[in-house]
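1. Using only what follows, build the 3D model:
(one chain, ligands or ions: 1)
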Amino acid sequence: MGHYAAVWDHRAAIEVTKDWNGIDQVVLRNPQGASVRVSLHGGQVTSWRNDRGEELLFTSSKAIFKPPKAMRGGIPICFPQFGNCGSLEQHGFARNRIWTIDDNPPPLPPNDSHGKSFVDLVLKPSEEDLKCWPHSFEFCLRVSLAADGHLVLISRVRNINGKPFSFSFAYHTYLSVSDISEVRIEGLETIDYLDNLRQRQRFTEQGDALTFESEVDQVYLSSPNVIAVLDHERKRTYVIRKEGLPDTVVWNPWERKSKMMVDFGDEEYKQMLCVDGAAIEKPITLKPGEEWTGRLELAVVPSSFCSEDLDPLRCP
Ligand SMILES: O=P(O)(O)OC[C@H]1O[C@@H](O)[C@H](O)[C@@H](O)[C@@H]1O
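-> Below you'll find the model as predicted:
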């Protein structure tokens with residue numbers, strides 16, 4: 001068993017199964033029993049469980065698991081457009097396309113593979129995609145589950161076009177929380193944000209930590225690369241680290257809006273909070289041949305956790 005751990009082979013820890021629609025999904029496991037599910041529909045992470053089998057991402061009980069709609073929950077990838085600020089469909093087309101497994105991805109630094117089970121996916125534009133977004137790109141996504149249960153997503157977008165192009169991006173991360181009223185976010189205080197509920201006007205976050213008592217739809221600009229989402233009732237803290245992603249989106253539709261969404265269960269808004277690593281305010285521009293990398297790392301630690309790692313966040 002010790003030997004098995006020492007030669008942990010990421011391929012041995014991967015299983016490809018079919019989802020409800022016969023679309024391939026990849027299951028990653030680590031030696032401790034944590035798991036991650038990634039659907040080739042959208043390259044979307046649909047489940048992340050810890051070694052006790054507890055689900056850490058929210059999925060709506062009314063989620064529609066039928067392409068071309070993205071399933072409501074997990075981590076949809078918003079690309080090449082976030083929201084409706086552009087000519088494309090809401091949040092871009094990547095979340096509604098079928099991705100493929102890439103057996104020969106461009107190399108990543110060894111520490112991005114070491115001790116992890118992972119899968120590499122790739123998305124290239126179809127003829128139809130090029131009609132509405134005429135830019136050739138290659139989007140490589142690596143989803144990894146580390147030995148310590150951390151979930152890591154690395155997106156690399158390469159311009160294989162003759163001309164520069166720009167895009168916006170978000171990992172639309174649906175965290176599973178006990179009760180939204182008991183949750184707070186640390187790390188966004190004093191940060192400027194655009195309020196999507198007030199014509200994208202700019203405000204500055206006041207107060208000690210962000211708490212929730214009504215609908216929220218805000219894009220925090222140039223936000224810190226580490227923030228924490230504390231779930232008081234569940235005594236659980238999500239630590240979110242991002243690189244190459246300047247902004248953080250915080251979204252909860254609250255009661256009224258969630259009732260208007262067909263794929264959202266009644267009262268379920270209380271059990272979710274979207275906190276996205278994103279690049280929205282200043283789109284990413286790539287010249288021909290250039291590549292951009294956006295990395296998100298999610299960890300769950302007990303609420304009592306206190307570490308210098310979290311600096312500059314205060315410890316409770
Ligand atoms: O319903 P969708 O397309 O999955 O988007 C969910 C939400 O995503 C948020 O990030 C947007 O800011 C909201 O305006 C939007 O409603």
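2. got the contact list for the residue in the stretch 1-150 of the chain positioned nearest to the ligand?
-> Ranked by C-beta to the nearest ligand atom, the top residue of the stretch 1-150 of the chain for proximity to the ligand is Q90, at 4.3 Å. Bear in mind the C-beta positions are built from the backbone N, C-alpha and C, glycine included. Residues near Q90 by C-beta atoms under 8 Å, 6 or more residues apart in numbering: G83, N84.
3. Using the three-state scheme, assign it.
-> At Q90 the chain is in coil, as set by DSSP: H, G, I helix; E, B strand; the rest coil.
4. Would you tell me which residues of the protein are close to the ligand?
-> G83, Q90, H91, N196, D217, V249, W251, C274 (C-beta under 6 Å from any ligand atom).
5. wait, which of the residues you listed is closest to G74?
-> Of all those, C274 has the smallest distance to G74: 10.9 Å, by C-beta to C-beta.
6. Which residue, other than its chain neighbours, is closest to the closest one?
-> Nearest in space to C274, with sequence neighbours left out and distances taken as C-beta to C-beta, 6 or more residues apart in numbering, is W251 at 4.0 Å.
7. my read: the one you found touches M272, true?
-> No: here W251 lies out of contact with M272, judged by C-beta atoms under 8 Å, at a distance of 9.0 Å.
8. These two: who's more crowded?
-> Neighbours of W251 and M272, each counted by other C-beta atoms under 10 Å, are more numerous for M272; the result is 23 against 19.
9. quick one, what contacts the closest residue to the more buried one other than its chain neighbours?
-> Ranked by C-beta to C-beta, 6+ apart and with sequence neighbours excluded, the top spatial neighbour of M272 is F58, at 3.9 Å. F58 sits next to G73, Y174, L175, S176, V177, E268, Q271, M272, L273 when contact means C-beta under 8 Å, 6+ apart.
10. most surrounded residue in those?
-> Neighbour tally across these (other C-beta under 10 Å): the maximum, 26 neighbours, falls on G73.
11. isn't that one right up against S61?
-> No: using C-beta under 8 Å, G73 makes no contact with S61, being 9.4 Å away.
12. chain center to stretch 269-287, what's the gap?
-> Here stretch 269-287 is found 8 Å from its chain centre; the criterion is C-alpha atoms, centre = their mean, to the nearest Å.
13. do stretch 210-217 as well
-> Relative to where its chain is centred, stretch 210-217 has its mean C-alpha point 20 Å off (C-alpha atoms, centre = their mean).
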